[in-house]
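Engineer: pasting a predicted model and its sequence here:
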Amino acid sequence: MADNAQVLAFIRPNGGYVQVGDTYEGITFIDCEPFSKEEYEAAFVAYDVWKKAEEEKVIAKKEAALAKLEALGLDVDDLKALGLG
């Protein structure tokens with residue numbers, strides 16, 4: 001589950017706010033467009049969905065790379081032996 005810092009960076013990656021505590025009420029918007037409490041709360045779910053998708057992309061890339069190695073008759077240990085892994 002996302003924490004406050006992750007959610008705030010997800011909603012406003014360029015900052016522009018200060019948060020005291022860990023609630024929406026503790027956010028002071030300084031140099032960014034404010035967002036509602038509803039947007040803030042929804043961002044916890046959105047962040048978790050985004051993070052899972054990013055992790056799945058990494059796994060898919062790794063599986064594709066391993067499949068290419070296998071097609072060449074190589075495995076991870078072969079790459080390590082060559083100093084590439």
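Structural biologist: It's in.
Engineer: so in the chain, which helix runs the longest?
Structural biologist: Looking across the chain with DSSP state H, the single longest helix is helix 37-71.
Engineer: tell me which residues touch the closest residue to Lys37 other than its chain neighbours, please.
Structural biologist: The spatially closest residue to Lys37, leaving aside those adjacent along the chain, is Tyr24, at 4.5 Å (Cβ to Cβ, 6 or more residues apart in numbering). Any C-beta I mention is one placed from the backbone N, CA and C, and that applies to glycine too. Counting by Cβ atoms under 8 Å, 6 or more residues apart in numbering, Tyr24 touches 37, 40-41.
Engineer: and those residues, which of them are buried?
Structural biologist: Listed as buried from the contacts of Tyr24 are Tyr40; burial here means 16 or more other Cβ atoms under 10 Å.
Engineer: distance to Asp77 and pLDDT added to the contacts of Tyr24, as CSV?
Structural biologist: Output for the contacts of Tyr24, formatted as CSV (distance: Cβ to Cβ, whole Å; pLDDT from 0 to 100):
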residue, distance to Asp77, pLDDT
Lys37, 52, 97
Tyr40, 47, 97
Glu41, 47, 97
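Engineer: nearest to Val18, of the contacts of Tyr24?
Structural biologist: Val18 has its nearest neighbour among those in Tyr40, at 14.4 Å by Cβ to Cβ.
Engineer: thanks again, I'm all set now.
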